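Participant: Predicted model and sequence follow; I will ask about them next.
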Amino acid sequence: MTLFAASLLAPDLGLIVWISITFGILLILLRKFAWGPITSALAQREATISESMEQAEKALAEAKQLQADNTKARREAEAQAQAILREAREEAERLRSEEVDKTRAQIQHLQESAQAEIEREKQSALDSLRTEVADLAVQAAEKILRENLDADRQKKIVNDFLSDLPKN
Amino acid sequence: MIKRASTFLLLFVIATSAMPLAAFAAEDGELDALHHSANAYYLDFEPFGKLQLPRIFVVQHEDGSYGVEVFRSTAAAILEGGWVVETASHAEEGEGDAHADEAHTDETHTTEAGPYGGITLEQLEGYLAPASGGHVVLDLSISKHLVFAWLGMLVVVLIMTRMAGLYGQGQGRDTAPKGVFQNLFETLIIFVRDDIARPNLGKKADKYTPYLLTAFFFILTCNLLGLVPFGATATSNLMVTTVLATFTFVLTQLGGTKDYWMHILWPPGIPAFVKPILMPVEILGIFTKPIALAIRLFANLTAGHLVILSLIGLIFSFAKIFGPGVGYAVAPVSIAFALFIYFLELLVSFIQAYVFTMLSALFIGMAVEEHHHDHDEAHGDHHAEPAPVQVA
């Protein structure tokens, strides 16, 4: 068995020299033509992604704000409509009660004036009745006097007269 | 459809990965797992042969002048260049006298024509020395692990430039990433960036992410290339992992802040008399971290292969000891276990790429961290180094 030039642990300066040089070249080559472009591209992509996400988040926030604004505006409008409706209802209620009161007063007034009229009519009827009765009495007396009759006749005459009188 | 195809592909890969081993073993009836895992100056395509790789030597001649000698293969160096296989007594990395006698016998073989382009296996794997005298200063020969490291680099470059091209077209930059290819690698890239670099390095993550990405994908690709038929694991070579760890080491020291050095040279928050004791420990710690990095990666990747090879080797050991019948009987068991380890190695490939990158990020992160001195030194141990992470 000979001395192996390349045993497992044999020092090999030539290999060290070769690997040092070529690994150095590999390092420089890859750094310039591979890692540079690749890592910068990755960094750029990451920046783009985070930027887009930021923008999306901002847009989402804006949309939420807009929605909130819209909701607020709608609520306000609804509240306003409610208020208007309530006001109108109150106004209508007020008007109606006013009208009722007015009508009631009018009716009262009419009733009162009718009563007064009736009273007046009644008074005038009584007055005219009184005059009529007086007249009739006078006429009856006149007749009695003119006929000059006995008592029975007189009585009969008065009774007849009285029965001739209208019932009311 | 794709699932079935990939299942077949996987089975094919597993079936063929044992082929070179079987052929290798068939040659001398036994399997040297250690030898197979080691580096070599040829690509092993057995049973189709070995592809010898170019040899490049920086030589210092007898007269003291330097020169470079290049051969297209080891065979060419020996047969045309007249290089000789060094014997143990000449070898700089002599393994002791025990081998010396064996080594001397090689010289008798050199005259014989071997099966590997005219040379023997011993010649193919021995230390070479120039015939004209002088000695090799630096052996820059292209080896198996170097080829697979380069292959790994090539794969990473091809994949990642294609990725960069896709992003350049706007796909994945302005639009969503599309397809398995882009999504798969993007997931890994983002994993390294977000789960390795950023938690450990904080604000300085961008500066070190290119290195961490390169290390991660290079190690991962090399690990996986070792699981391919006829493949070799560059990361199971201690030299390769040492270089990777050295890169982390250098980046750590270069990035070290004033606080980092203060913590090493004059640790705060402890009695003054303890400081001189702790200082050498801290200085030692600078070096143990990258050494642990290198050995961890090397050992993990080598161990998996050794276990697979040993399990396969059991077949041949049994066949040799008890006869071929027993060998055949053991084969299904061995292969089932080897298959299990193979899947485990697949897992380990990812885990070790992650662990190396993770610890690199941690070590660099500890060095470049800016401390806030809003507390006095009495309770300064709040920003003492975190407990060393124990990772297998």
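Facilitator: Arrived safely. Numbering: from 1, shown residues only, chains lettered A, B, ... in the order given.
Participant: Around A:A77, count how many other residues there are.
Facilitator: Burial of A:A77 is recorded as 10 neighbouring residues (other CB atoms under 10 Å in any protein chain shown). Quick note: C-beta positions are derived from backbone N, CA and C, even for glycine.
Participant: Report the separation between it and A:I84.
Facilitator: For A:A77, the distance to A:I84 equals 10 Å [CB to CB, to the nearest Å].
Participant: What segments of the stretch 51-200 of chain B are helices?
Facilitator: B:74-79, B:100-109, B:121-125, B:144-168, B:179-191, B:198-201 (DSSP state H, counting those that start in this stretch).
Participant: do the same with chain A
Facilitator: In chain A, the helices defined using DSSP state H lie at A:13-30, A:36-147, A:151-164.
Participant: ok so, going back, columns mean neighbour count on top of the helices of the stretch 51-200 of chain B, output as a markdown table?
Facilitator: Shown next, in a markdown table, are the helices of the stretch 51-200 of chain B (neighbours: other CB atoms under 10 Å in any protein chain shown):
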| stretch | mean neighbour count |
| --- | --- |
| helix B:74-79 | 23 |
| helix B:100-109 | 14 |
| helix B:121-125 | 22 |
| helix B:144-168 | 20 |
| helix B:179-191 | 14 |
| helix B:198-201 | 19 |
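Participant: If you average pLDDT over each of the ones you listed, which is lowest?
Facilitator: For the helices of the stretch 51-200 of chain B, the weakest mean pLDDT is recorded on helix B:100-109, namely a mean of 42.
Participant: I'd say B:A75 and B:P115 touch.
Facilitator: No. Between B:A75 and B:P115 there is no contact under CB atoms under 8 Å: 10.5 Å.
Participant: what's around residue 138, how many residues?
Facilitator: No chain specified, so I'll use chain A. 10.
Participant: sorry, should have said chain B
Facilitator: Neighbour tally, B:L138, other CB under 10 Å: 16.
Participant: ok, B:V85 touching B:L124?
Facilitator: No. The criterion here is CB under 8 Å, and B:V85 misses it with B:L124 at 9.2 Å.
Participant: Locate B:E282 within the secondary structure: which element?
Facilitator: Following DSSP states H and E, one finds B:E282 within helix B:275-322.
Participant: how far is that helix from where the chain is centred?
Facilitator: Here helix B:275-322 is found 11 Å from its chain centre; the criterion is CA atoms, centre = their mean, to the nearest Å.
Participant: same question, stretch A:115-133
Facilitator: Per CA atoms, centre = their mean, the centroid offset for stretch A:115-133 relative to its chain is 60 Å.
Participant: List the buried residues of that stretch.
Facilitator: For stretch A:115-133, the neighbour count (16 or more other CB atoms under 10 Å in any protein chain shown) marks no residue as buried.
Participant: So for it, mean pLDDT?
Facilitator: Mean predicted confidence for stretch A:115-133 is 90.
Participant: go on, stretch A:52-72?
Facilitator: Mean predicted confidence for stretch A:52-72 is 96.
Participant: List the contacts of it.
Facilitator: The contact list for stretch A:52-72 (CB atoms under 8 Å, 6 or more residues apart in numbering or on different chains) is empty.
Participant: burial of the closest residue to B:Y260 other than its chain neighbours, as a residue count?
Facilitator: Computed as CB to CB, 6 or more residues apart in numbering or on different chains, the closest residue to B:Y260 that is not its neighbour in sequence is B:A367, at 4.6 Å. The burial count assigned to B:A367 is 21, neighbours taken as other CB under 10 Å.
Participant: Is B:A367 in a helix, a strand, or coil?
Facilitator: Here B:A367 is recorded as helix under DSSP: H, G, I helix; E, B strand; the rest coil.
Participant: B:G255 is in contact with that one, correct?
Facilitator: Yes. With contacts counted by CB under 8 Å, B:A367 reaches B:G255, the gap being 5.3 Å.
Participant: how deep is B:V330 tucked in, by neighbour count?
Facilitator: B:V330 - counted by other CB under 10 Å - has 18 other residues nearby.
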